[in-house]
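Enquirer: Sequence first, predicted coordinates after that:
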Amino acid sequence: GSRVRMRQDEGSFPRWDGRLTLHVMSDHPSKVSVPVIKRNEQAVTIYLAGDSTVTDQKSEPWASWGLMLPAFFRKGYAVANHAESGLSLASFKGDKRQQKVLESLKPGDFILIQFGHNDQKEKGDGVGPFTTYKQRLMSFVDEIRIRKGNPVIIAPMERRRFDSSNKPFRTLLDFRDAAKQAADEKNVPFINLADMSFSMYRVFGKNDSTKLFVYYGSTKDDT
């Protein structure tokens, strides 16, 4: 009886038009025969909950790790990306996206949870990585387990930031540590995307790491 609160321009995106949209990546799309689509009740669904680094971006060349994830799964698995730009754990729940995912969840399905970028911007008494952020993560895990799903906590990928000596520096360490604490205390799998992304920036360096992003020659150190 309620609806997900959508963000600006999100209503025009094919995810919310009530249709299944197929994007044919080919030089000869006319040679694609009429597809036969059947519902697979046995498929394991991997739900994604997160922000702009996770969401299905609207058009090329914008992308995210969540958008690319389906390419790594074999037949019998489906990826349902419910992430959206600008969301924190609080707004993901407040917009009823968390409720939508939980109502769709089947026993044995997975939910991959990665927040932090926008949670870091929240202000107020008692707000922080080891308080509200961690508590919301653990509460989400509890809700998933009630429905016999499989939660996975992911540390937020690092921002691309370099200092004056062209060395990358950390911006989300507290949120990485809080996510790890939540995963340990709830005994759920933890993926340390924060350290993995930071190592990637360090290997690529300041200039070459721009190739990892949609980059327009900004004078800022972050992308």
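Expert: It's in.

Enquirer: For residue 170, grab phi and psi.
Expert: phi -80, psi 150 (degrees, to the nearest 10).

Enquirer: For it, which residues are in contact?
Expert: By Cβ atoms under 8 Å, 6 or more residues apart in numbering, the contact set of residue 170 is 158, 198. Quick note: C-beta positions are derived from backbone N, CA and C, even for glycine.

Enquirer: So for it, what's the pLDDT?
Expert: Looking at residue 170, its pLDDT stands at 94.

Enquirer: What spatial separation is found between residue 82 and residue 171?
Expert: Noted for residue 82: a distance of 25 Å to residue 171, by Cβ to Cβ, to the nearest Å.

Enquirer: Tell me how far the residue nearest the centre of the chain lies from residue 68.
Expert: Nearest to the geometric centre of the chain sits residue 54, at 2.8 Å (Cα atoms, centre = their mean). Distance from residue 54 to residue 68, counting by Cβ to Cβ: 11 Å.

Enquirer: what is in contact with the two at once?
Expert: Shared contacts of residue 54 and residue 68 (Cβ under 8 Å, 6+ apart): none.

Enquirer: What values do phi and psi take at the residue of the chain positioned farthest from its centre?
Expert: Taking Cα atoms, centre = their mean as the measure, the residue most remote from the mean C-alpha position of the chain is residue 31, 33.9 Å away. For residue 31, the backbone dihedrals (degrees, to the nearest 10) come out as phi -80, psi 0.
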